[in-house]
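K.L.:
Only the shape, not the letters, is given here:
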């Protein structure tokens with residue numbers, strides 16, 4: 001709980017800095033955009049949280065987002081009912097997670113390698129699904145005048161969404177707001193501040209369900225036990241293989257849902273860059289929220305707070321006029337600081353300071369002896 005309080009303090013400090021950076025940052029529109037972005041990234045962070053709890057990692061999240069968005073758009077272009085297309089895309093995403101889980105839990109392959117391969121494979125499949133000139137593509141490959149990645153990118157097309165009445169509920173899920181202020185009968189000046197963006201509402205609903213599963217059910221406690229000490233969990237009778245597979249299935253399913261929301265937001269997705277770096281945002285949000293990459297630690301409230309840090313940082317970068325090229329530098333620095341903080345909390349401040357003193361003493365003695 002102490003860690004959550006610390007994360008909350010960081011979020012409040014960043015929010016205060018953002019509010020002081022520019023008058024426009026205090027506008028209702030900016031707050032709605034922040035809430036929408038937190039909802040979009042938070043869903044992915046919830047998914048990767050399941051895997052991190054078990055001591056694993058999933059680097060394929062962004063590519064699963066890309067593949068699910070492209071698949072959803074292609075199914076709709078071919079006249080499929082959007083509700084059926086949604087079920088198929090989510091089922092396909094779950095199968096990807098099942099594939100990852102089997103390779104990691106049954107075959108004992110390293111999750112880093114398995115999901116890194118998935119990062120390349122699923123984006124490549126998305127590009128193959130959108131190829132428009134197969135004959136010309138074969139000619140380019142036979143001539144070998146360019147790299148395969150550029151050939152695929154130049155030969156694929158964007159995937160869009162049809163503007164039909166049946167799609168209105170889906171667009172509302174991304175761009176709409178829950179009229180909580182209207183329901184409460186608040187004054188006109190306050191009403192807009194309580195109308196919550198739907199992606200944020202969806203995240204809160206999923207967070208409640210995830211919190212009940214992880215913190216109030218025997219299944220969630222078994223996931224934590226698996227991440228804390230897999231061998232001890234196995235000796236205690238926990239079917240570690242099943243629970244590890246389950247974590248990857250849940251992660252990829254939520255990534256598939258994130259892909260649908262992404263396409264509903266942009267309405268047109270390019271397979272070459274859709275979902276790019278989303279795995280970075282998700283993993284960083286989880287680590288900043290107190291999820292240890294060693295496994296066995298983390299709370300859902302931490303994910304909500306950790307996910308909030310990145311949009312706040314991003315908005316601060318924009319309003320302060322910092323070059324956008326430095327965005328990833330800021331995110332990488334935040335991830336590094338979060339990892340260092342996790343290590344300090346794990347060892348305790350005393351042990352951390354003793355380690356530094358020992359290292360400094362060793363450096364001085366080696367320098368004197370030389």
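P.N.:
Great, that's in hand. This structure is a prediction, so every number in the text was calculated from the model and none was measured.
K.L.:
Low-confidence ranges, the stretch 151-300 of the chain, go.
P.N.:
Judged by pLDDT under 70, the stretch 151-300 of the chain has its weakly predicted residues at 151-156.
K.L.:
mind listing the strands in the protein by residue range?
P.N.:
Residue ranges of the strands in the chain, as given by DSSP state E, are 159-160, 177-178, 196-197, 268-269.
K.L.:
Find the one among the ones you listed with the highest mean neighbour count.
P.N.:
With neighbours defined by mean count of other CB atoms under 10 Å, none of those is more surrounded on average than strand 196-197, at a mean of 21. Heads up, the C-betas are built off the backbone N, CA and C, glycines and all.
K.L.:
other SSEs contacting that one?
P.N.:
Using 3 or more CB pairs under 8 Å, 6 or more residues apart in numbering; DSSP states H and E, the elements in contact with strand 196-197 are helix 28-53, strand 177-178.
K.L.:
Tell me which of those sits nearest to residue 91.
P.N.:
helix 28-53 (15.6 Å; CB to CB).
K.L.:
in the closest one, what's buried?
P.N.:
For helix 28-53, a neighbour-count test (16 or more other CB atoms under 10 Å) marks 30-32, 34-53 as buried.
K.L.:
same question, stretch 13-27
P.N.:
By neighbour count with 16+ other CB under 10 Å, stretch 13-27 contains the buried residues 14-15, 18, 21-22, 25.
K.L.:
what about that stretch, how long is it end to end?
P.N.:
Length of stretch 13-27, first residue to last, CA to CA, to the nearest Å: 18 Å.
K.L.:
Make TSV from the strands of the chain and add distance to residue 289 to it.
P.N.:
Conversion of the strands of the chain to TSV gives the following (distance: least, CB to CB, whole Å):
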stretch	distance to residue 289
strand 159-160	32
strand 177-178	24
strand 196-197	20
strand 268-269	28
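K.L.:
And the residue most central in space within the chain, how far from residue 41?
P.N.:
Taking CA atoms, centre = their mean, the centroid of the chain lies closest to residue 282, which sits 2.7 Å from it. Relative to residue 41, residue 282 is positioned 7 Å away (CB to CB, to the nearest Å).
K.L.:
What sits closest to residue 70 if chain neighbours are left out?
P.N.:
Take residue 70 and drop its neighbours on the chain: the residue closest to it by CB to CB, 6 or more residues apart in numbering is residue 126, 4.3 Å away.
K.L.:
which residues touch residue 247?
P.N.:
Listed by CB atoms under 8 Å, 6 or more residues apart in numbering, the contact partners of residue 247 are 50-51, 53-54, 56, 101, 223.
K.L.:
now do residue 22
P.N.:
Residue 22 sits in contact with 319-320, where contact means CB under 8 Å, 6+ apart.
K.L.:
And the pLDDT at it?
P.N.:
Residue 22 is assigned a predicted lDDT (pLDDT) of 88.
K.L.:
Could you do the one 4 residues further on as well?
P.N.:
As predicted, residue 26 sits at a pLDDT of 92.
K.L.:
ok, now how distant is it from residue 90?
P.N.:
Taking CB to CB as the measure, residue 26 and residue 90 are separated by 38 Å.
K.L.:
Next: residue 232.
P.N.:
With the distance defined as CB to CB, residue 232 ends up 34 Å from residue 90.
K.L.:
ranges for the helices of the stretch 1-150 of the chain?
P.N.:
For the stretch 1-150 of the chain, the helices identified by DSSP state H, counting those that start in this stretch occupy 2-21, 28-53, 61-77, 82-101, 111-129, 134-143, 148-155, in order along the chain.
K.L.:
ignore the last one, the stretch 251-370 of the chain
P.N.:
Using DSSP H, counting those that start in this stretch, the helices of the stretch 251-370 of the chain run over 278-288, 300-319, 327-347, 349-369.
K.L.:
In terms of mean pLDDT, which of the ones you listed ranks lowest?
P.N.:
Least confidently modelled of the helices of the stretch 251-370 of the chain is helix 349-369, at a mean of 58 by mean pLDDT.
K.L.:
Next up, the contacts around the closest residue to residue 31 other than its chain neighbours.
P.N.:
Excluding the flanking residues, the one nearest residue 31 by CB to CB, 6+ apart is residue 193, at 7.2 Å. The contact partners of residue 193, by CB under 8 Å, 6+ apart, come to 28, 31, 181.
K.L.:
Closest to residue 291 out of these?
P.N.:
Here the nearest of the contacts of residue 193 to residue 291, counting by CB to CB, is residue 31; it sits at 26.3 Å.
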